[in-house]
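[1] Prediction below, plus the sequence it came from.
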Amino acid sequence: LSVQNKGSVAVISFLRRLWDGVHTGHLDLSGLELVAVPPEVLRMTSLTHLNLDHNEIAIFPEAIEKLVNLKTLSVADNAIAILPPQLEKLTALESLNVSENALVALPVQLGNCNKLS
């Protein structure tokens, strides 16, 4: 995990944010210079809001499909070029922010997310 290389303050901040996410359903990991979505996040199936803005994530994991309760997903200002088609499994998704990435196209499967506005 890239946070470990940033020292104890960064690790404590990361863990505090994970703790808050588990208890509130809202997880904000913005601005942590993450290069990947932490595997711990993909196990937090009760999340409703996930903010990964302002990181260095290039590859978005297919396992995002496990977060079926997500209503809001924001990955703005990363380095993502391709979003996985598995996003279609996020049928509760109402808001998706993918601005300021290197996207070449959006997966057509996003059309299956009927609540997306």
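    Nice, thanks for sending it over.
[2] Please count neighbours and contacts with C-alpha atoms only from this point.
    Fine.
[3] which residues of this protein fall in strands?
    Taking DSSP state E to define them, one finds strands in the chain at 26-28, 49-51, 72-74, 95-97.
[4] quick one: pLDDT of the closest residue to residue 55 other than its chain neighbours?
    Among residues not flanking residue 55 along the chain, residue 33 sits closest, at 4.4 Å (C-alpha to C-alpha, 6 or more residues apart in numbering). According to the prediction, residue 33 has pLDDT 90.
[5] cool, and residue 117?
    We have a pLDDT of 81 for residue 117.
[6] on that earlier part again, any chance of the strands of the chain in a markdown table, plus mean pLDDT, distance to residue 63 and mean neighbour count?
    What follows is the strands of the chain, written out as a markdown table (pLDDT from 0 to 100; distance: least, C-alpha to C-alpha, whole Å; neighbours: other C-alpha atoms under 10 Å):
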| stretch | mean pLDDT | distance to residue 63 | mean neighbour count |
| --- | --- | --- | --- |
| strand 26-28 | 98 | 17 | 19 |
| strand 49-51 | 98 | 14 | 20 |
| strand 72-74 | 98 | 14 | 19 |
| strand 95-97 | 97 | 17 | 16 |
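[7] Tell me which of those sits nearest to residue 14.
    Comparing the strands of the chain against residue 14 with C-alpha to C-alpha, the closest turns out to be strand 26-28 (9.4 Å).
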